[in-house]
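Peer 1: quick one: sequence and predicted model below, then my questions.
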Amino acid sequence: MKPPHFLLFVPLLLGACAATPALPEGRPIGEPIAPREVVAFSVVDTDPPAYFDRVVLVEARVAAVCQSSGCWMQVADRGATAMVRWETGCGGKYAFPHDLAGKRVLIQGSFYPRTLSEDEVAHLEVESGGALEVRREGYEFNASGILILD
């Protein structure tokens, strides 16, 4: 007796489920993070336009955080840095914890090109509570959720 045809697909379905990466343990903030392949921020920095306009999950270390309202953070990985802002904006639904500097995070969101004015750079430096190196030309990360790993 032959097995029903749908039973032939069960191993394929189970294999597809097993291939979905699991998220590590951590403290989430923001929207739920969908499990997907994690990309190191240093990899993204080698070709940022390849990551524009798509949702990615990036791992990096936090270098600085807005000490005023937690509306931005700067991340670093192997010499590359980028600003991260909440997609809901400053004073929006979420805030980055003020004590996040030095911790590893997973960031869910998208990259987009951004040019900062001298006034914006000065404002970020004041909000950081210390020295902050900000690129005027480049890109930023628009976060919908983060997972604090340590």
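Peer 2: Structure's in. What do you need? Residues are numbered from 1 along each chain as shown.

Peer 1: mind listing the strands for this protein?
Peer 2: 27-30, 38-40, 56-65, 72-77, 80-86, 104-115, 137-148 (DSSP state E).

Peer 1: contacts for the shortest one?
Peer 2: Outside strand 38-40, the residues within contact range by C-beta atoms under 8 Å, 6 or more residues apart in numbering are P21, Y51, V56, L57, V58, E59, A60, D77, R78, L106. C-beta here means a position set from N, CA and C on the backbone, and glycine is covered the same way.

Peer 1: strands paired with it, and their directions?
Peer 2: strand 56-65 (parallel) (DSSP bridges).

Peer 1: can you check the fourth one too?
Peer 2: The pairing partners recorded for strand 72-77 under DSSP bridges are strand 56-65 (antiparallel), strand 80-86 (antiparallel).

Peer 1: now the strands of the chain as a markdown table including mean pLDDT, mean neighbour count and distance to Y94?
Peer 2: Converted to a markdown table, the strands of the chain look like this (pLDDT from 0 to 100; neighbours: other C-beta atoms under 10 Å; distance: least, C-beta to C-beta, whole Å):
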| stretch | mean pLDDT | mean neighbour count | distance to Y94 |
| --- | --- | --- | --- |
| strand 27-30 | 96 | 16 | 5 |
| strand 38-40 | 91 | 14 | 21 |
| strand 56-65 | 93 | 22 | 13 |
| strand 72-77 | 91 | 22 | 11 |
| strand 80-86 | 89 | 21 | 5 |
| strand 104-115 | 92 | 18 | 12 |
| strand 137-148 | 91 | 20 | 8 |
